[in-house]
Structure formats: C-alpha cells, structure tokens
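In: return atomic coordinates for the entry below.
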Amino acid sequence: MPVTVTRTTVTTTTTSSGLGSPTIVGSPRALTSKLGLLRLLQLLSTCVAFSLVVHVGAWVGVMGNWTMFAWCFCFAMTLVILLVEMAGLQPRFPLSWRNFPITYACYATLLCLSASIIYPTTYVQFMSHGRSRDHAIAATFFSCVACLAYATEVAWTRARPGEVTGYMATVPGLLKVLETFVACIIFAFISDPPIYQRHPALEWCLAVYCICFILSAVAIILSLGDCTGQLPIPFPTFLTGLAVLAVALYASALVLWPLYQFDDRRGGRARRREDSSCPYRHAYFVCDWDRRLTVAILTAVNFLAYVADLVHSAWLVFIRV
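Out: Okay, the predicted model is just below:
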C-alpha cells in the first residue's frame, strides 16, 4: 500500500549534489517536540510504576508478573524509540518506521490499560493498609497516566480521513492490534487444557482463536516489514478476505463457547457457585468459571472488532475500485 507520511521528529539536510534529498540525522528535537515530551511522560510514568512496586516487593503470582512485564516492556520499548529518533537511526531500523511507533503505542496502551485494571482488582484490594499498599496504589495511578499518554500518542499519530500513511496508522491497522491483543488475553485464560478439552466444540473455539490470531499477526508483520507488495493478491483484498473469514469463525465461537460452558444440559455450569474452584473471592487467583466467563466476553469483543475491521477494509477496497 502507498505510504508517504512519517510523523517522527527528524532534521533534514541537503546533499552536496544539490538535489535536496532529505537525510535523517540525530536531533534533540526528538525530546523537545510535543510527541517527544509525551514519550518522556510515558517513560517516566512506567518507570515510576514498576519502581514503586519493586521497592516494596508488591507483586505476587501470575497477575503480578503480568503487570510488571507490562510496565517494564513499555518502559524499555519507549526508551528504544527515543534513542532511535535522537540518533536518527530510523532508516537503519529493521522495521518500517512509518508503522512501528504507532503499532507499539497501541499495544502499550492496551498493556497499561490491562495492568491498571488487573493489578488493583487482583492484588491491591486484598492488601492490608500500610506502606506497601500505598506504593501499590501510587503505581496504579502512574499506570493510568502511562495508559492515557500512550492513547494520546495513538490519537495524535493515527491517519486522518483522506490522508495517505502507513497501514498500521489506519483504523483497520489499529483494529488488528486490538484483535491480536485480545486473542493473547484469551490464550492466557484458556491455558488450562480441561477448560476446552471437555467437548470438540470447545476445541473448535480454540482453533478459531488460533487461526484468527495468526492471520491478524501476519497482516501486522507484513505491514511492519513493508512486505505488502509481495503478496500474490492486492493487500486490501487480502485484508478483506481475512476479515470475512474471521467474522465467520468468531460468529461460531460466539455461539459455541457460552453454549457448552454455561448450559447445564451440555456439561457446563450456569452459575458461579456451582464451580467448586470458586467458593470465595481470593487474591492472585482466577477460578475456572471466571476464566470461562472472561473468554466469552473477550470473544464478543473480538467479534465486534472483526466486524468493524470488515466494514473498514471493504470500504477501502470499494473506494479503490
């Protein structure tokens, strides 16, 4: 797909040949521009979040590890982006700089959002009052700040109507990020085989999640690698076909997953209290019934995302005809 817009902050020089070809060089403006200041806020807020938690050891279990990973990963990747832009290394970066920063910012928004929800609900609320809890609450606050900062970057750098830019800056590209992220959360909640091995219909749902995740990930990788022109069919046509297939597959999972997980006649459990693993609310632990319900909700979220993706992708094909 044609791309002409790059929103990174660079300084241009003119070659001695007099042709005026732009050359990207390092510039402190990568830090002093509006986007650079926003990224400094992202860097600071994620650093403070995980530092507060590490200082008092306020993370335990899978959920705690997830929140720590989210903050540390976002801090590290934001630092890499700032260093690349300060040194003017965008042309040497192995991925398309037209697509990479906004793709990362979208993932970081979702990571910090999940950490801002999971950490207080599965850990902080069960802590006794004291210094550790105060640190944990402050870390949650800075996680929310980071989430807003990354979301602001996405809003600033996404494609506007009629603008020609990288695919990942468009609405379908951002939806691909959401689709893959939600699929990863689904995989985390169904990592226990007994949840889906009870019936072939549930195994089919797992196959749906895997197939759609792979297809969406391929679309993202092709865009980040600037390989969209190497497909045997036009990239917009490929995206539309992918969206049609994903909508059909997720529609089946949207029906089958809750039918076989919550219908008593099909071996499911309609009420939470019927699950022996969920007698009480407990910190750091998500019982099987809660996992099944979460997967059902996330299946509906991804179905709606793929429907919106299909509408936008079909429209892009239509306006090119």
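
In: next, name the residue at the spatial heart of this protein.
Out: In the chain, the centroid-proximal residue (Cα atoms, centre = their mean) is Y107; its distance is 3.2 Å.

In: and the strand or helix carrying that residue, which residues are buried?
Out: Taking DSSP states H and E as the definition, Y107 sits inside helix 100-122. If you call a residue buried by 16 or more other Cβ atoms under 10 Å, then helix 100-122 has these buried ones: 100-116, 118-120, 122. In short, each C-beta sits where N, CA and C put it, glycine included.

In: please apply the same query to stretch 130-150.
Out: For stretch 130-150, a neighbour-count test (16+ other Cβ under 10 Å) marks 132-133, 135-136, 139-150 as buried.

In: need the contact list for the residue nearest to the centre of the chain.
Out: 177, 181 (Cβ atoms under 8 Å, 6 or more residues apart in numbering).

In: kindly recompute the last result at 10 Å.
Out: Going by Cβ atoms under 10 Å, 6 or more residues apart in numbering, Y107 touches 70, 73-74, 77, 150, 154, 177-178, 180-181, 184, 220.

In: nearest to C287, of the residues you listed?
Out: C184 (20.8 Å; Cβ to Cβ).

In: give the helix, strand or coil label for the residue nearest to that closest one when sequence neighbours are not counted.
Out: Once flanking residues are discounted, C184 sits nearest to F213: 7.5 Å by Cβ to Cβ, 6 or more residues apart in numbering. Recorded secondary structure, F213: helix (DSSP: H, G, I helix; E, B strand; the rest coil).

In: how much space between F213 and I186?
Out: With distances taken as Cβ to Cβ, to the nearest Å, F213 is found 8 Å from I186.

In: and what of S132?
Out: S132 sits 32 Å away from I186, going by Cβ to Cβ.

In: do T299 as well
Out: In this view, T299 and I186 are 7 Å apart by Cβ to Cβ.

In: and what of L249?
Out: For L249, the distance to I186 - Cβ to Cβ - is 13 Å.

In: go on, N302?
Out: N302 sits at a distance of 8 Å from I186 (criterion: Cβ to Cβ).

In: okay, and the common contacts of these two?
Out: With Cβ under 10 Å, 6+ apart, N302 and I186 have common neighbours 208-209, 213, 253.

In: quick one: average pLDDT of the longest helix along the chain?
Out: Secondary structure of the chain per DSSP state H: the longest helix is helix 288-320. What helix 288-320 shows for mean pLDDT is 86.

In: residue contacts, I186?
Out: The contact partners of I186, taken as Cβ under 10 Å, 6+ apart, are 205-206, 208-210, 213, 253, 257, 291, 294-299, 301-302.

In: hmm, which of those residues are the buried ones?
Out: Buried members of the contacts of I186, scored by 16+ other Cβ under 10 Å, are 205-206, 208-209, 213, 253, 257, 291, 294-296, 298-299, 301-302.

In: circling back: give me the common contacts of T299 and I186.
Out: 205, 208-209, 253, 257.

In: re the thing from before, so of the shared contacts of N302 and I186, which ones are in helices?
Out: Judged by DSSP H, the subset of the shared contacts of N302 and I186 located in helices is 208-209, 213, 253.

In: farthest-apart pair in those, please.
Out: The two members of these with the most space between them (Cβ to Cβ) are F213 and A253, at 12.1 Å.

In: common neighbours of these two, please.
Out: 186, 302.

In: report the mean confidence score over stretch 234-252.
Out: So the average pLDDT for stretch 234-252 ends up being 93.

In: okay, buried residues for that stretch please.
Out: Using 16+ other Cβ under 10 Å as the test for burial, stretch 234-252 gives 235-236, 238-240, 242-243, 246-247, 249-250.

In: same list, those residues, but as TSV with secondary structure please.
Out: Output for these, formatted as TSV (three-state DSSP):
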residue	secondary structure
F235	helix
P236	helix
F238	helix
L239	helix
T240	helix
L242	helix
A243	helix
A246	helix
V247	helix
L249	helix
Y250	helix
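
In: which one of those residues is nearest to C287?
Out: Y250 (25.2 Å).

In: distance from the chain centre to whichever helix or strand V177 is part of, please.
Out: Using DSSP H and E, V177 maps to helix 171-189. Here the centre of helix 171-189 is set off from its chain's centre by 6 Å, with Cα atoms, centre = their mean, to the nearest Å.

In: kindly report the same for stretch 297-314.
Out: Per Cα atoms, centre = their mean, the displacement of stretch 297-314 from the mean C-alpha position of its chain is 15 Å.

In: show the backbone phi and psi for T237.
Out: When read as degrees, to the nearest 10, the backbone of T237 gives phi -70, psi -40.
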